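Colleague: need a structure here:
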Amino acid sequence: MGRYILRRLALMILSLWVIVTATFILMNAVPGGPFTSVKLTPLVQKQLERKYGLDKPKWQQYVTLLKNLCRFDLGLSIRERGRSVNDIIRNTFPTSAVLGIEALVFAVSLGLTLGIIAALHRGKALDYTAIIIAIIGVSVPNFVVASVLQYVVGYKLKLLPIARWESFKHTILPAFSLGLGTLATMTRMMRSSMLEVLSQDYIRTAKAKGLTSAQIVWRHGVRNAILPIVTILGPLIAGITTGTFVIERMFGIPGLGKYFVESIYNRDYPMIMGTTVFYSALLLFMTFLVDIAYGLVDPRIRLARGKGD
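Modeller: Now for the predicted structure:
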């Protein structure tokens, strides 16, 4: 197990280096620069380029970037004058994380429940209802769901606030809008996995032994059916906790998604690199945790890793 963890950590570092290198190349391959859209005198532009190290050759910029990343220094934002990328992430990510965690709890709990119910009532009304919910969640974009909820629930019925980020009530609509797609994915995967598990021989053996339906479902069914769900939890957690620009913009949420997208439009190189590295590191770390959790959930994987070590 120890060797496996070390190999995974080494692979994470290598993957992050590839992402940083690819981002640097693509970022500098785009025509223009951070000061292209701003009317500046040549002297002022040269001074700004010198301040942010953009006057140096590309290879020197790349080496400096790697050195700064090793010190966890993401640099100064070009557009957000006087603010470092570290401070911006530190101040805005908790908001995106709260929204993402609420959406994730809602999506995972309800999605798994709907998937189990649909599998246990295959071909019946509950099954069709769960399938319809899953189809809607997959096919309807989250910004459309958000618009409908804002108009119906917020404006017409006045049950919940339309926008802003002040209390728990303000988080319900954006969390639902953000989590509906994940809920649909969870429902579909859990239903398919549960149906496959319920058709296995050991389920029939459990019935023959006289176990109750509840024991069969929870002890043998859900425990084995949930393994594919664990596999996708890492990317889902990383993606949903970082929030989305559209949802944050529609509900006036001061999260990190705004800076992530606007940095591309503004050619804010330190912000582009900083947010990309942060998102990538979070995704890789969550995937690493899921791999470890997968081994804890499934004893067969622990055994295979033990033989490999």
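Colleague: Which strand or helix spans the closest residue to residue 5 other than its chain neighbours?
Modeller: Of all residues not flanking residue 5 in the chain, residue 292 sits nearest, at 7.3 Å (CB to CB, 6 or more residues apart in numbering). In short, each C-beta sits where N, CA and C put it, glycine included. Assigned by DSSP states H and E, residue 292 belongs to helix 269-297.
Colleague: tell me the mean pLDDT for that helix?
Modeller: Throughout helix 269-297, pLDDT has a mean value of 83.
Colleague: pretty sure the residue nearest to residue 5 contacts residue 9?
Modeller: No. Using CB atoms under 8 Å, residue 292 is not in contact with residue 9, being 11.2 Å away.
Colleague: And the host helix or strand of residue 100, how far out from the chain middle?
Modeller: Using DSSP H and E, residue 100 maps to helix 85-120. Here helix 85-120 is found 9 Å from its chain centre; the criterion is CA atoms, centre = their mean, to the nearest Å.
Colleague: what do you get for stretch 2-22?
Modeller: Distance, centroid of stretch 2-22 to centroid of chain: 19 Å (CA atoms, centre = their mean).
Colleague: pull the CA atoms of that stretch into CSV?
Modeller: Extracted as CSV, the C-alpha positions of stretch 2-22 are listed here (Å, rounded to 0.1, in the frame of the first residue of the first chain):
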residue,chain,number,x,y,z
GLY,A,2,2.9,2.4,0.8
ARG,A,3,4.5,1.9,-2.6
TYR,A,4,1.2,2.4,-4.3
ILE,A,5,0.6,5.7,-2.5
LEU,A,6,4.2,6.9,-3.4
ARG,A,7,3.6,5.9,-7.1
ARG,A,8,0.3,7.8,-7.1
LEU,A,9,1.9,10.9,-5.6
ALA,A,10,4.7,10.8,-8.2
LEU,A,11,2.1,10.5,-10.9
MET,A,12,0.2,13.5,-9.5
ILE,A,13,3.3,15.6,-9.6
LEU,A,14,4.1,14.6,-13.1
SER,A,15,0.5,15.2,-14.3
LEU,A,16,0.6,18.7,-12.7
TRP,A,17,3.8,19.5,-14.4
VAL,A,18,2.3,18.5,-17.8
ILE,A,19,-0.7,20.7,-17.1
VAL,A,20,1.4,23.7,-16.2
THR,A,21,3.6,23.2,-19.2
ALA,A,22,0.6,22.8,-21.6
